[in-house]
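**Q** What follows is a predicted protein model with its sequence.
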Amino acid sequence: MSLDAFTVNAIIVVLVLAVLLMGVIWRSGRDAADRLAALERQVVAPPPPNPAKRKINREFCGAIHRIYPHAQVGVDFDVQDDGRGPVITEWLLPNPQPTADEIKAARSAYVMEQLSQGYREARLPEYPSIGDQLDALYKARQGDASELADIDARIREVKARHPKPGTC
């Protein structure tokens, strides 16, 4: 099959136009990315968090978790700092909201626990062994996830008893 000169020229023109169109599309995408990056640089960064306030909030959340281990900030309760320290602004658990005295006592216990040993050290002896975890993972890959579910439940219980210090 032989192509005449007109067909060859038409193919070349179409290919050149396709390459030019792809270049235009690529360049406009690149320009948009550059404009977005410039806008991101213009946004004012929030002030750095106050380490002392963060520590107070972490202790407050730790106190709540000592009283109700499964309570989650933003789900079960909300906390705001009213200028004098964190306070519970909304309580959604069916359990009674802890009083200021209960929170104060739980906060002291939380601080003492953190001073005596961190949450990592408290969790370590209670976790299932690495060998048990790997064995359960192997069995789960083979189709039996029952041991893995048991190990996951044990890990969740340990994490609930010794929560990671977080901020509210």
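**A** Perfect, I can see it now. Numbering: from 1, shown residues only.

**Q** in the chain, which helix or strand is least confident?
**A** Across the helices and strands of the chain, mean confidence by mean pLDDT, DSSP states H and E is lowest for helix 51-67: a mean of 77.

**Q** after that one comes which helix or strand?
**A** strand 77-81 (DSSP states H and E).

**Q** Does anything pack onto that following strand? Which helices or strands?
**A** helix 51-67, strand 86-91 (3 or more Cβ pairs under 8 Å, 6 or more residues apart in numbering; DSSP states H and E). C-beta: built from backbone N, CA, C; applies to glycine.

**Q** Now the last one: buried residues?
**A** Looking back up the chat, that one is strand 86-91. 86, 88 (16 or more other Cβ atoms under 10 Å).

**Q** ok, it: who's next to it in the sheet?
**A** Take DSSP bridges as the rule and strand 86-91 pairs in its sheet with strand 77-81 (antiparallel).

**Q** what's the distance between the strand it pairs with and the middle of its chain?
**A** On the basis of Cα atoms, centre = their mean, to the nearest Å, strand 77-81 sits 19 Å off its chain's mean C-alpha point.

**Q** What of stretch 138-152?
**A** 25 Å.

**Q** And stretch 148-168, by the same measure?
**A** Worked out by Cα atoms, centre = their mean, stretch 148-168 lies 15 Å from the chain centre.

**Q** hmm, who's touching that stretch?
**A** Contacts of stretch 148-168 with the rest of the structure, by Cβ atoms under 8 Å, 6 or more residues apart in numbering, involve 49, 54, 57-58, 60-62, 65, 69-70, 73, 79, 86, 114, 119, 122-123, 126-128, 132-133, 136-137, 139-140.

**Q** Out of the helices and strands packed on strand 77-81, which one sits most buried?
**A** helix 51-67 (a mean of 18; mean count of other Cβ atoms under 10 Å).

**Q** so where do the helices sit in the chain?
**A** Counting by DSSP state H, the chain has helices at residues 5-42, 51-67, 100-116, 119-123, 130-141, 146-161.

**Q** May I have the last one as CSV, with CA atoms only?
**A** Included here for helix 146-161 are C-alpha records, laid out as CSV according to Å, rounded to 0.1, in the frame of the first residue of the first chain:
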residue,chain,number,x,y,z
SER,A,146,-9.6,-15.3,64.3
GLU,A,147,-6.2,-15.1,66.1
LEU,A,148,-5.5,-11.7,64.5
ALA,A,149,-8.9,-10.4,65.7
ASP,A,150,-8.1,-11.6,69.3
ILE,A,151,-4.6,-9.9,69.2
ASP,A,152,-6.1,-6.7,67.8
ALA,A,153,-8.6,-6.6,70.6
ARG,A,154,-5.9,-7.2,73.2
ILE,A,155,-3.8,-4.3,71.7
ARG,A,156,-6.9,-2.0,71.7
GLU,A,157,-7.4,-2.8,75.4
VAL,A,158,-3.8,-2.0,76.3
LYS,A,159,-3.9,1.2,74.3
ALA,A,160,-7.1,2.2,76.1
ARG,A,161,-5.6,1.5,79.5
